[in-house]
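3D, please:
(2 chains, ligands or ions: 2)
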Amino acid sequence: MSHPAVTIRGLHKSFGAVEVLRGIDLDIPRAQVTCLIGPSGSGKSTLLRCMAFLEETSSGSILIDDAPLGFRTHADGSRTRLPAADIRTARRKIGMVFQQFNLWPHMTALGNVSEALKTVQKLGRREAEDRAMVQLKKVGLAERADHFPSQLSGGQQQRVAIARALALEPEIMLFDEPTSSLDPELTGEVLNVMRALADDGMTMVVVSHEIGFSASVGQKIAFLDQGQLLLTGTPTEVFGKPRHPRLDQFLETYLDRGAAMLL
Amino acid sequence: MRFDPALIIHHLPSILSGLSITILTWLIGTIGAVLVGFVIASARRFGPRPLGMALGAIVEVIRGTPFLIQLFLLYFGGPYIGLFLDPLPAGLLGLTVYGSAYFSEIFRGGFEAVPVGHIEAAECVGLNRLQIVKRILLPEMSMLVLPSAVNMAILLIKETAVLSIITVPELTMIVSAIGSEYYAFVESLFLLALFYWALVELCGFLGRKAEAKLSHFRLSAS
Ligand SMILES: Nc1ncnc2c1ncn2[C@@H]1O[C@H](COP(=O)(O)OP(=O)(O)OP(=O)(O)O)[C@@H](O)[C@H]1O
Ligand SMILES: [Mg+2]
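Ligands and ions are numbered 1, 2, ... in the order given. The predicted structure follows:
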């Protein structure tokens, strides 16, 4: 197998005196879906945000395609921050999808998806919008291109947010609880888009409480507990019996999210 | 005492000139206040901390004292520090300074009301800081603050009346001069109230129209 899309080594992250991530080593395999699960407060979002450089790590390293993200680590272990332009370049390979969608409310769906194509990639308006339409079609929202976020349902907003990230043709897509703020009947449409993306061979990291989704679509499961990776492996390895008691405890609380079938 | 419409007709030219000075001072003062207020809010948001704190203190002083007194100090106290201003420039400067303190607070609230996630989403797709400010922060913030900004502009219409005490020949000064000349105080004050009310309604109407146009945005500003 080729080398990992993301390589995380010795990652620590503290907020003030609180150490939230306590030495994470994790490889994100290319063209696979890696699911991050774990109890609330275990540091899943923080880990994902570190990969998108929305949080700066306290120590350790993250390599995207072998290129350091944010910091260059020297032989003696010290780090220097990379210039902002380098950070933007490394980040270009990453697409991020948030729990709260975070669409820009003053732009239409098409505007949201084409914005970075225009301002960052400097494409002409026509070309940017053509490319944005391709992505909107992919998530099944071509007819809603002219709608503002406030005129879309939560599920539709999240699909626009996915299209917005895809428009920049990232190599890796990060999802932080993409369905958690949706009404139950709307989670399906978003999960379906994610499934299709996975089938297309996208490298994905998904934080989700949808245990059923993680177990069926995830090829690699990482169970995070109190800032440390307690378990990593294939779904069969992680969810199979005999099971780690902490994982058992965790699954008990998510029976309604598809964990029941695993017990 | 009786209400004599002929009085208004007779003095129409000077009333109109007063009205135009009121509208002019209000427009210039408001535009100045919006611009200066925006600069203050931006400096407090993006500038160095000591500058932000100093500006914050000044804003508090301005908001904590009556406009009347500020204007007196500027016009009659100014010469003590070598600031000699004619009534109109003094009035415009006073109105701008007074309004900018309030507008800066409105903009500051607007900056804070833009969800961090919207900025993060922009960072994630590669927008640089300047692009984020131009494309995301400013448009979103201006939509958010529109109702309170319109409200503030309306308040400033009424504050222009205070300029009469430093003899700016605006509507209040003209009409009350007519009133005292003919001992028609009630009529003139009534007339004034009507004028200001009409102006306020007009401004409010325009503001509501702008808001309606942007309603699709406001719904989702959560
Ligand atoms: N910006 C921050 N400042 C201080 N503490 C933070 C910050 N962000 C997260 N934390 C803390 O870090 C810990 C891990 O948070 P994180 O959001 O990564 O957990 P999570 O696993 O995503 O939880 P959830 O399932 O509830 O989303 C929590 O204790 C949280 O309070
Ligand atoms: Mg989280």
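
I'd like the average pLDDT over the helix or strand encompassing residue A:130.
With elements taken from DSSP states H and E, the one containing residue A:130 is helix A:125-138. For helix A:125-138, the mean pLDDT works out to 95.

Which secondary structure elements does that helix sit against?
helix A:109-119, helix A:154-166 (3 or more C-beta pairs under 8 Å, 6 or more residues apart in numbering or on different chains; DSSP states H and E). C-betas here are computed from N, CA, C, even on glycine.

Can you point out the buried residues in the first one?
Applying a neighbour-count criterion of 16 or more other C-beta atoms under 10 Å in any protein chain shown, the buried positions in helix A:109-119 are A:109-119.

for chain B, what are the nearby residues on chain A?
Counting by C-beta under 8 Å from any C-beta of the partner chain, the residues of chain A close to chain B are A:52, A:54, A:84, A:88, A:91-92, A:94-96, A:98, A:100, A:102-106, A:115-116, A:119-120, A:148-151, A:161, A:164-165, A:167-168.

who touches the helix holding residue A:130?
A:109-110, A:113-114, A:117-118, A:121, A:123, A:142, A:144-145, A:160, A:163-164, A:166-167, A:193, A:196 (C-beta atoms under 8 Å, 6 or more residues apart in numbering or on different chains).

could I get the helices and strands packed on helix A:125-138 as TSV with mean pLDDT?
Rendered in TSV, the data for the helices and strands packed on helix A:125-138 read as follows (pLDDT from 0 to 100):
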stretch	mean pLDDT
helix A:109-119	96
helix A:154-166	96
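
Nearest approach to ligand 1 belongs to which of the ones you listed?
Distances from ligand 1 to each of these were compared using C-beta to the nearest ligand atom; the minimum, 16.3 Å, belongs to helix A:154-166.

Can you pull out the residues in contact with the closest one?
Residues external to helix A:154-166 that are found in contact with it (C-beta under 8 Å, 6+ apart): A:95-98, A:101-103, A:109, A:112-113, A:115-116, A:132, A:135-136, A:138-141, A:144, A:147, A:149, A:152, A:173, A:178-179, A:181-183, A:186-187, A:189-190, A:193-194, A:197, B:121, B:124-125.

looking at chain B, which helix or strand is least sure?
helix B:215-219 (a mean of 60; mean pLDDT, DSSP states H and E).

who's in contact with residue B:206?
Contact criterion C-beta under 8 Å, 6+ apart gives residue B:150 as the residues in contact with residue B:206.

Okay, and it sits in which element?
The secondary structure element spanning residue B:206 is helix B:185-213 (assigned by DSSP H and E).

Would you indicate which residues of that helix are buried?
Judged by neighbour count (16+ other C-beta under 10 Å), helix B:185-213 contains these buried residues: B:187-188, B:191-192, B:195-196, B:199, B:203, B:207.

Turn the residues you listed into a markdown table, including pLDDT and distance to residue B:32.
Rendered in a markdown table, the data for those read as follows (pLDDT from 0 to 100; distance: C-beta to C-beta, whole Å):
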| residue | pLDDT | distance to residue B:32 |
| --- | --- | --- |
| B:187 | 78 | 34 |
| B:188 | 80 | 29 |
| B:191 | 82 | 28 |
| B:192 | 85 | 24 |
| B:195 | 87 | 23 |
| B:196 | 89 | 21 |
| B:199 | 88 | 18 |
| B:203 | 87 | 17 |
| B:207 | 86 | 19 |
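
could you redo the residues you listed as a markdown table and give each row distance to chain A?
A markdown table is the format used below for the buried residues of helix B:185-213 (distance: C-beta to the nearest C-beta, whole Å):
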| residue | distance to chain A |
| --- | --- |
| B:187 | 48 |
| B:188 | 46 |
| B:191 | 43 |
| B:192 | 40 |
| B:195 | 36 |
| B:196 | 34 |
| B:199 | 30 |
| B:203 | 24 |
| B:207 | 18 |
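
Out of these, which comes closest to ligand 1?
With C-beta to the nearest ligand atom as the yardstick, the closest approach to ligand 1 among these comes from residue B:207, at 37.3 Å.

before we move on, what SS does the closest residue to the closest one other than its chain neighbours have?
Beyond its immediate neighbours in the sequence, the residue positioned closest to residue B:207 (C-beta to C-beta, 6 or more residues apart in numbering or on different chains) is residue B:150, lying 3.2 Å away. For residue B:150, the secondary-structure state derived from DSSP: H, G, I helix; E, B strand; the rest coil is helix.

And residue A:7, by the same measure?
Local secondary structure at residue A:7 is given as strand here, using three-state DSSP.

residues touching it, list them.
With C-beta under 8 Å, 6+ apart, residue A:7 has these contacts: A:27-28, A:61-63, A:66.

Quick check: the farthest pair among the residues you listed?
Distance extremes for the contacts of residue A:7: the farthest pair is A:28 and A:61 at 13.8 Å, using C-beta to C-beta.

any common contacting residues for the two?
Taking C-beta under 8 Å, 6+ apart as the contact criterion, the common neighbours of residue A:28 and residue A:61 are A:7-8.

The two: who's more crowded?
residue A:28 (23 against 17; other C-beta atoms under 10 Å in any protein chain shown).

returning to what we had before: for the contacts of residue A:7, which one is nearest ligand 1?
For the contacts of residue A:7, the residue nearest ligand 1 by C-beta to the nearest ligand atom is residue A:62; the value is 15.5 Å.

right, quick check: the helix or strand where residue A:48 lies against ligand 1, any contact?
Using DSSP H and E, the element containing residue A:48 is helix A:44-51. Yes - using C-beta under 6 Å from any ligand atom, a contact is recorded between helix A:44-51 and ligand 1, made by A:44-46.

so what does that helix touch, helix or strand wise?
With contacts defined as 3+ C-beta pairs under 8 Å, 6+ apart, the secondary structure elements packing on helix A:44-51 are strand A:6-15, strand A:18-28, strand A:33-37, strand A:172-176, strand A:203-207.

so which of those is the most packed in?
Burial of those is given as mean neighbour count (mean count of other C-beta atoms under 10 Å in any protein chain shown); strand A:33-37 ranks first at a mean of 27.

and the closest residue in space to residue A:69 that isn't next to it in sequence, how many neighbours?
Spatial nearest neighbour of residue A:69, excluding adjacent residues (C-beta to C-beta, 6+ apart): residue A:62 at 4.4 Å. Per other C-beta under 10 Å, the neighbour tally for residue A:62 reads 24.

Might you report the residue contacts of the nearest residue to residue B:200 once chain neighbours are set aside?
Spatially, and ignoring its direct neighbours in sequence, residue B:200 is nearest to residue B:154 (5.2 Å; C-beta to C-beta, 6+ apart). Contacts for residue B:154 were tallied using C-beta under 8 Å, 6+ apart; they are B:200, B:203-204, B:207.

Residue A:79 now?
Contacts of residue A:79 by C-beta under 8 Å, 6+ apart are A:59, A:71-73.

Redo the residues you listed as a markdown table? Include distance to residue A:216 and secondary structure.
Listed next are these as a markdown table, based on distance: C-beta to C-beta, whole Å; DSSP: H, G, I helix; E, B strand; the rest coil:
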| residue | distance to residue A:216 | secondary structure |
| --- | --- | --- |
| A:59 | 36 | strand |
| A:71 | 36 | strand |
| A:72 | 39 | strand |
| A:73 | 37 | strand |
